[in-house]
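[1] Below is the sequence, then the predicted model.
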Amino acid sequence: MSTTNPTHDLACTALSKSFGSVQAVDNVSFDIPPGSFFSILGPSGCGKTTLMRMIAGFENPDHGDIQIKGRSVIRIPPNKRNVKMVFQHLALFPMMNVYDNIAYGLRCVGASRKEIDQKIADVLERVALPDVAKREIHQLSGGQKQRIAIARCMVLNPDVLLLDEPLGALDLKLREAMKIELKLLQHQFNTTFVYITHDQSEALVMSDNVAVMNEGRFEQIGTPQALYHHPASAFVAGFVGDSNRWTGKVIDAGNNNVRLSCDAGFDAQSHTTDTITLSRGDNATVYVRPEHIQVDTQVNADNNNQTDATNALTGHIDSLLFNGANSRVLVRDKAGELIEADVTLTGSSHDPKPGDLVRLSWRSEQALCF
Ligand SMILES: Nc1ncnc2c1ncn2[C@@H]1O[C@H](COP(=O)(O)OP(=O)(O)O)[C@@H](O)[C@H]1O
Ligand SMILES: [Mg+2]
């Protein structure tokens, strides 16, 4: 397990870790090409922090190997691995000013005063805060603290920077701004960032590649676009992006196509992925994204109450969610379930209104079934 593979900044092979009867990380393998932004996305408790702590060296895996720049680090203590970690609460020293916070790690490795001055000036320039060296930590805004926490790590020139839900403590507006800023910082340093989060929008916006984690395992690794458009499992389809979903029974299946009789009273025709094999009589769920649902307000006797309609149902508009170009309607179907669909709301009298009867439909290619 000590082959060198310099094409990867970080490579994990069959990593596992359990705590008593809890399998926190279960046979996880992945590798990350140099200088990329890689996110691990999954719900709370799925094993993200445990995986990160193993990479950093704070936790020993039960099985598996971790290689950094092609070298196994399994028996190497945290301070000897060239990996740095930014925690959720940033862990800046509150009693020290910015300069001393950043200088701390450099002093630990015996850098000279001149070298420290030079490196701090350089790293503060790179995080676009050239004038804050003398500031106390409490004099910084939340976003500035974030940048200093990253500067403090990056000044040590790590092979990999690990970030464990670093935006978790910030308010929503700042998180939105920091998403973009973190991506720009990663570009600026051209160092591999491994970012863990339970927030799918953070992972999609920032990452070159995302691993979706569930109950200790990686369900899928891919680009944000691949995960969004081609989810490999029901979990990924449900966790990445918004989806409407309907359960039902398979009435016909074959050639990556499946026909479902949905419990909500309509038939759904959709694609399945190669890895999913469904057959007649199986229970299954169909997923359709809000942007793929067409909302038709011209409902008449021809298309209302059709009992044999495929990929179509009618309902009444419950509410309008205006959000500029991302506006939606919530439609309540006959079974009482709410369906989300994207719409354009212009503010004119032609806009749909709460209470309107509408017909919702979509194309088979835009539905996925698991
Ligand atoms: N030191 C520990 N001792 C016992 N159980 C732990 C320990 N650390 C984590 N766990 C358990 O392992 C699972 C994964 O936890 P964690 O890695 O923190 O998940 P996440 O970061 O995705 O929220 C959880 O069930 C958690 O309770
Ligand atoms: Mg965690």
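    Structure's in. What do you need? Ligands and ions are numbered 1, 2, ... in the order given.

[2] Run through who's touching the helix or strand bottoming out on mean pLDDT in the chain.
    Least confident helix or strand of the chain, by mean pLDDT, DSSP states H and E, is helix 172-189 with a mean of 89. If you take Cβ atoms under 8 Å, 6 or more residues apart in numbering as the criterion, helix 172-189 is touched by 37, 126-127, 142-143, 146-147, 150, 154, 161, 163, 166-167, 170, 193, 195, 201-202, 205-206. Just so you know, the C-beta spots here come from the backbone N, C-alpha and C atoms, and that holds for glycine as well.

[3] elements contacting the helix or strand just after it?
    Remark: after helix 172-189, the chain's next helix or strand is strand 192-197, criterion DSSP states H and E. Contacts defined by 3 or more Cβ pairs under 8 Å, 6 or more residues apart in numbering; DSSP states H and E place strand 192-197 against strand 37-41, helix 48-56, strand 160-164, helix 172-189, helix 200-206.

[4] Looking at those, which is nearest to Gln294?
    Of all these, helix 200-206 sits nearest to Gln294, with 24.3 Å by Cβ to Cβ.

[5] would JSON lines of the helices and strands packed on strand 192-197 with distance to ligand 1 and mean neighbour count be doable?
    Shown next, in JSON lines, are those (distance: least, Cβ to the nearest ligand atom, whole Å; neighbours: other Cβ atoms under 10 Å):
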{"stretch": "strand 37-41", "distance to ligand 1": "8", "mean neighbour count": "26"}
{"stretch": "helix 48-56", "distance to ligand 1": "3", "mean neighbour count": "23"}
{"stretch": "strand 160-164", "distance to ligand 1": "7", "mean neighbour count": "23"}
{"stretch": "helix 172-189", "distance to ligand 1": "18", "mean neighbour count": "16"}
{"stretch": "helix 200-206", "distance to ligand 1": "13", "mean neighbour count": "20"}
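
[6] could you pull out the helices for the stretch 101-250 of the chain?
    Along the stretch 101-250 of the chain, counting by DSSP state H, counting those that start in this stretch, helices occupy 113-126, 142-154, 172-189, 200-206, 224-229, 234-239.

[7] Please name the residues that touch Met96.
    The contact partners of Met96, by Cβ under 8 Å, 6+ apart, come to 104, 137.

[8] same thing but 10 Å
    Applying Cβ atoms under 10 Å, 6 or more residues apart in numbering, we find Met96 in contact with 102-104, 136-137.

[9] Now list the buried members of the residues you listed.
    Buried by 16 or more other Cβ atoms under 10 Å: 102-104, 137, out of the contacts of Met96.

[10] between the helix or strand Gly64 falls within and strand 160-164, how big is the angle?
    Counting by DSSP H and E, the element that carries Gly64 is strand 63-68. Counting by axes from the mean of the first three to the mean of the last three Cα atoms, to 10 degrees, strand 63-68 lies at 120 degrees to strand 160-164.

[11] strands paired with the very next helix or strand once past strand 63-68, and their directions?
    Counting by DSSP H and E, the next helix or strand C-terminal to strand 63-68 is strand 71-72. Strand 71-72 has the following sheet partners, assigned by DSSP bridges: strand 63-68 (antiparallel).

[12] Show me what counts as buried in the partner strand.
    Buried-residue list, strand 63-68, by 16+ other Cβ under 10 Å: 64-68.

[13] Please convert these to a markdown table, extending it with pLDDT and distance to ligand 1.
    Putting the buried residues of strand 63-68 into a markdown table (pLDDT from 0 to 100; distance: Cβ to the nearest ligand atom, whole Å) gives the following:
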| residue | pLDDT | distance to ligand 1 |
| --- | --- | --- |
| Gly64 | 98 | 15 |
| Asp65 | 98 | 19 |
| Ile66 | 98 | 16 |
| Gln67 | 97 | 21 |
| Ile68 | 96 | 20 |
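
[14] For these, work out which two are farthest apart.
    Maximum pairwise distance among the buried residues of strand 63-68 (Cβ to Cβ): 14.0 Å, between Gly64 and Ile68.

[15] burial count for the closest residue in space to Leu90 that isn't next to it in sequence?
    Nearest non-adjacent residue to Leu90, counting by Cβ to Cβ, 6 or more residues apart in numbering: Ala149, 4.2 Å away. Other residues within reach of Ala149, judged by other Cβ atoms under 10 Å, total 22.

[16] Sweet, I'm off.
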